[in-house]
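> quick one, what's the 3D model for this:
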Amino acid sequence: MALNGGPHFTFNQAVSFMVNCEDQAELDYFWEKLGEGGDVSKQQCGWVNDKFGLSWQVVPNGMMEMTGSSDRAAAKRAFAAMMEMKKIDIATLQKAFRGE
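Numbers count the residues shown, from 1 in each chain. The predicted model follows:
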């Protein structure tokens, strides 16, 4: 649910919605559907912009655990890999986390 805040509270990119995905197929599906007609220049690190200007984070389950891991070296590798992506590639993210 979202509320219209009128002219005093306009929409901005401080708000995004998160879609947690089970696998690459589900991630690809939501990325494609949500991104249809959106601003491709705003695609980065799992964020996709829809045709209404809303930002969506389309991420795999487990990504927050990888990037926030107590194994700081593994977390840094996963975060660095994510920063190079537009749409998240789960296999690449997992390989970076494992140090492969």
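> run through the helices of this protein in chain order.
Using DSSP state H, the helices found in the chain span residues 24-35, 63-67, 72-83, 90-98.
> for the ones you listed, which one sits closest to Q43?
Across the helices of the chain, the minimum distance to Q43, taken as CB to CB, is reached by helix 24-35, at 7.0 Å. C-beta here means a position set from N, CA and C on the backbone, and glycine is covered the same way.
> who does the closest one touch, helix- and strand-wise?
strand 16-21, strand 47-49, strand 55-60, helix 90-98 (3 or more CB pairs under 8 Å, 6 or more residues apart in numbering; DSSP states H and E).
> list the contacts of L54.
Taking CB atoms under 8 Å, 6 or more residues apart in numbering as the definition of contact, the neighbours of L54 are V15, S16, F17.
> against V15, how distant is it?
Between L54 and V15 the distance, using CB to CB, to the nearest Å, works out to 8 Å.
> which stretch in the helices of the chain has the least confidence?
Mean pLDDT per stretch puts helix 63-67 lowest among the helices of the chain, at a mean of 93.
> next one: it to chain centre, how far?
Between the centre of helix 63-67 and the centre of its host chain there is 12 Å, according to CA atoms, centre = their mean, to the nearest Å.
> how about stretch 31-49?
How far stretch 31-49 lies from its chain's middle: 9 Å, per CA atoms, centre = their mean.
> quick one: buried residues of it?
Within stretch 31-49, the residues that qualify as buried are W31, L34, G35, G38, Q43, G46, W47, V48, N49, counting by 16 or more other CB atoms under 10 Å.
> could you tell me how many residues sit around the closest residue to the fifth one other than its chain neighbours?
Same thing as Q43. Computed as CB to CB, 6 or more residues apart in numbering, the closest residue to Q43 that is not its neighbour in sequence is K86, at 4.3 Å. Residues near K86, counting by other CB atoms under 10 Å, number 15.
> before we move on, what about G99?
G99 has 10 neighbouring residues, counting by other CB under 10 Å.
> tell me who's in contact with it.
A73, A74, R77.
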